[in-house]
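Asker: The following comprises the amino acid sequence and a computationally predicted model.
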Amino acid sequence: MRVEVLRGVSLELAAGDFVAVWGRLGSGKTTLLRVAAGLDPADDGVVRFGGRPLGELSRDELQQVRRREIGFADRSGPLEPELAVLDHVAFPLIGTMPRAEARRRASTTLDELGLDPACGGMTWAELTDGERTLVSLAHAVVRRPKLLLVDDPTSNLGVHERERTMALLQRLAVRDGVAILMTAPDMAAALGAHQVHVLSGGALLPAGPPPDDNLVRFPDAHA
């Protein structure tokens, strides 16, 4: 029996857009992100990145786009379980800059997310669920992508960690012009995004912008 997870979904993101999609468990949120990243092919329709259909790229071209221009935070962890967190976060930069510089940028990114410096020397198995969420986000953000896909970034985080994470995502969108597509398990977790949509029955429905009073604020970088 064929099951349609997504039906007639149409969504366009420009530089600086911060869009949240919320829906119940099993509604297809993660599938939406994987299709947008080119990890799963769409059975119908076209996924374009920078005007180019991902389905028309060669395997090598698609791999380069995903590595250099698309960040995907999904808490899957490193392929090598014994890899230190700092090296895991720095990995997307290896080959694009000296290793020492990649590690410095990885350390800075972990610090921006409020992680204890000691986490850099830990392995994935030694991290708490909340720390794994933040490390996965750091691994996606460190490459400074044009498109950032984040699967439920507030999961397992405390209030302070959640606010700091949402503030970082807002800063990436507003200051750096990163297009962000984030999934969330409920409307409350989506607050802070510029646009909110609901994924229900495979269809993507506009939920309207959240009230301004609920937006997470962050200091002006130039203040």
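Answerer: That came through, no problem.
Asker: looking at it, Asp176 is touching Arg144, isn't it?
Answerer: Yes - with contact defined as Cβ atoms under 8 Å, Asp176 reaches Arg144; the gap is 7.1 Å. Quick note: C-beta positions are derived from backbone N, CA and C, even for glycine.
Asker: any chance you could read off phi and psi for Phe18?
Answerer: Backbone torsions of Phe18, given as degrees, to the nearest 10, read phi -130, psi 100.
Asker: helix or strand for the nearest residue to it once chain neighbours are set aside, which one?
Answerer: Spatial nearest neighbour of Phe18, excluding adjacent residues (Cβ to Cβ, 6 or more residues apart in numbering): Ala173 at 4.0 Å. Following DSSP states H and E, one finds Ala173 within helix 159-174.
Asker: Domain-wise, how is this structure divided?
Answerer: Under the assignment automatic domain parsing, the domains of the chain span 1-69+146-223, 76-144.
Asker: Mean neighbour count and mean pLDDT added to the ones you listed, as TSV?
Answerer: Shown next, in TSV, are the domains of the chain (neighbours: other Cβ atoms under 10 Å; pLDDT from 0 to 100):
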stretch	mean neighbour count	mean pLDDT
domain 1-69+146-223	16	82
domain 76-144	18	92
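Asker: Check the secondary structure at the residue nearest to the spatial centre of the chain for me.
Answerer: Centrality entry for the chain: nearest residue to the mean C-alpha point is Val150, 2.4 Å, by Cα atoms, centre = their mean. Following DSSP: H, G, I helix; E, B strand; the rest coil, Val150 is assigned to strand.
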